[in-house]
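Student: Build the 3D model from these lines:
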Amino acid sequence: MNDLQQQVQEAIDGLVESGAERGLQVAVYRHGDQMVDAVAGVADPATGRPVASDTPFYSYSMGKGATATVAHVLAERGAFSYDTPIVDLWPEFGAHGKETATVRHALTHTVGVPGIPVDTRPEDLCDWERMCAVIAGSEPWWEPGTRTAYHAYTFGYVVGEIVRRATGKPISQVLRVEVAGPLGIADELYFGMPESELGRLARLEDEEGSAEFLATMPDDSPILKWGPRATFPTADFGNRTDILMADIPAGGKMSARAVARMYAALLGEVDGVRLISAERLREVSAVAFSGVDEIMGNPVSWALGYAPGRLGADPQETPTVFGMGGAGGSHAYADTATGTTFALTKNRLTPDFSAAEQVAGIVTKAVAES
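Tutor: A predicted model of the protein is given here:
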């Protein structure tokens with residue numbers, strides 16, 4: 001395993017040199033110890049600022065893994081259980097027949113409110129009270145718990161408001177105090193970032209042709225049911241100061257080593273910190289719901305807030321793996337069988353996870369041979 005750092009470094013250097021990627025980070029933990037901390041390329045093409053290990057990247061839905069982790073830490077403390085009705089914490093959420101919805105339904109994307117209104121603007125996403133009121137007042141697409149569709153934006157507000165109602169604090173503060181702080185990564189794992197820290201962020205860029213693709217996408221495209229075109233995860237959207245400073249916990253700003261460390265502390269101890277018990281780990285990483293996504297039409301399975309299975313593999317073939325990827329190609333996962341966690345963050349937004357699959361394959365092979 002000692003040459004794994006070198007293998008990963010060569011792989012990401014190659015991705016940058018080929019022009020496929022602009023800037024990347026990769027981190028790997030095993031049994032609580034960091035095995036890989038590799039960076040390549042530039043964080044900001046305009047200035048040439050290089051990627052550093054502590055550079056935060058806006059990795060979009062990779063942040064849902066951190067949102068779910070906050071919920072599990074609070075469940076471990078007894079703030080609520082997975083079968084707590086959301087209305088017990090947030091009474092307004094029960095409008096229009098959603099009173100049967102539970103925390104479990106929120107975590108498994110089965111709560112029934114997968115879309116945001118078509119007139120939602122980027123600045124609306126930064127208004128926590130407004131978004132929570134809109135979601136609470138919306139009609140469910142189905143009876144909570146019976147079907148699933150990816151809750152692209154709404155997942156973050158629903159779980160985040162459950163956290164806020166249970167603790168009296170915004171989820172960004174709970175993340176910092178209960179997860180990031182104890183793990184020593186409070187300045188590398190955020191929902192909303194302080195303005196003073198924004199200069200450390202990697203700048204996102206779109207892959208060539210993606211702006212044209214978005215512009216020509218038909219208005220009735222399934223993907224636009226998650227939210228209007230103006231809220232689509234592009235580089236312009238993800239480089240906006242208001243978006244970067246706002247709590248939008250459907251996504252997150254993070255370094256690869258921070259999120260790999262977080263997953264490692266779900267699997268076991270990291271420098272004396274363990275986030276959840278072994279018993280809870282078994283529960284949160286197991287498949288909790290399977291069905292056909294009501295928006296995209298593909299078969300899908302969900303663990304409690306995480307996607308089960310290895311990247312590019314059938315969840316049933318790799319049942320010990322759970323994690324979360326983000327629009328643009330960043331990805332992170334944990335494997336309970338090998339005690340390994342992996343994270344790759346990058347600033348060129350690509351439509352697939354080819355970089356993460358390539359580098360994760362190197363790690364998987366090295367672990368299997370060790």
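Student: ok, how many other residues are close to A133?
Tutor: 14 (other C-beta atoms under 10 Å). Where you see a C-beta, it was placed from the backbone N, CA and C, and this is true even at glycine.
Student: so what's it up against?
Tutor: E92 (C-beta atoms under 8 Å, 6 or more residues apart in numbering).
Student: That one and P85, how far apart?
Tutor: As defined by C-beta to C-beta, to the nearest Å, A133 lies at a distance of 19 Å from P85.
Student: Going by neighbour count, list what's buried in the longest helix belonging to the chain.
Tutor: When the chain is parsed with DSSP state H, its longest helix is helix 354-369. Of the residues in helix 354-369, those with enough neighbours to count as buried (16 or more other C-beta atoms under 10 Å) are 355-357, 359-360, 362-364, 366-367.
Student: what's the most distant pair in the residues you listed?
Tutor: Maximum pairwise distance in these, criterion C-beta to C-beta, is 18.9 Å, between A355 and V367.
Student: Just the CA trace of the longest helix of the chain, in PDB.
Tutor: Written as PDB, here are the backbone C-alpha positions of helix 354-369 (Å, rounded to 0.1, in the frame of the first residue of the first chain):
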ATOM      1  CA  SER A 354     -14.900   9.000 -15.200                       C
ATOM      2  CA  ALA A 355     -12.000  10.600 -13.200                       C
ATOM      3  CA  ALA A 356     -13.400   9.300  -9.900                       C
ATOM      4  CA  GLU A 357     -14.000   5.800 -11.300                       C
ATOM      5  CA  GLN A 358     -10.400   5.700 -12.700                       C
ATOM      6  CA  VAL A 359      -8.800   6.700  -9.500                       C
ATOM      7  CA  ALA A 360     -11.100   4.700  -7.200                       C
ATOM      8  CA  GLY A 361     -10.200   1.600  -9.300                       C
ATOM      9  CA  ILE A 362      -6.600   2.100  -8.500                       C
ATOM     10  CA  VAL A 363      -7.400   2.300  -4.800                       C
ATOM     11  CA  THR A 364      -9.700  -0.700  -4.900                       C
ATOM     12  CA  LYS A 365      -7.100  -2.800  -6.600                       C
ATOM     13  CA  ALA A 366      -4.400  -1.700  -4.100                       C
ATOM     14  CA  VAL A 367      -6.600  -2.500  -1.100                       C
ATOM     15  CA  ALA A 368      -7.500  -6.000  -2.500                       C
ATOM     16  CA  GLU A 369      -3.800  -6.800  -3.000                       C
END
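Student: which residues sit against that helix?
Tutor: With C-beta under 8 Å, 6+ apart as the criterion, helix 354-369 contacts 1, 4, 7-8, 11-12, 15, 20-21, 24, 26, 28, 30, 36, 310-312, 325, 329-331, 333, 335, 338, 340, 342, 344, 346.
Student: Show me the residues you listed that map onto strands.
Tutor: Judged by DSSP state E, strands contain the following of the contacts of helix 354-369: 24, 26, 28, 30, 36, 325, 331, 333, 335, 340, 342, 344, 346.
Student: Pairing-wise in the sheet, spell out the partners of the third one.
Tutor: According to DSSP bridges, the residues that bridge with V28 are V36, F342.
Student: is it true that it touches Q9?
Tutor: No: assessed by C-beta atoms under 8 Å, V28 is found out of contact with Q9, at 11.7 Å.
Student: who has more neighbours, these two?
Tutor: Each of V28 and Q9 has its neighbours counted (other C-beta under 10 Å); V28 has more, 29 against 17.
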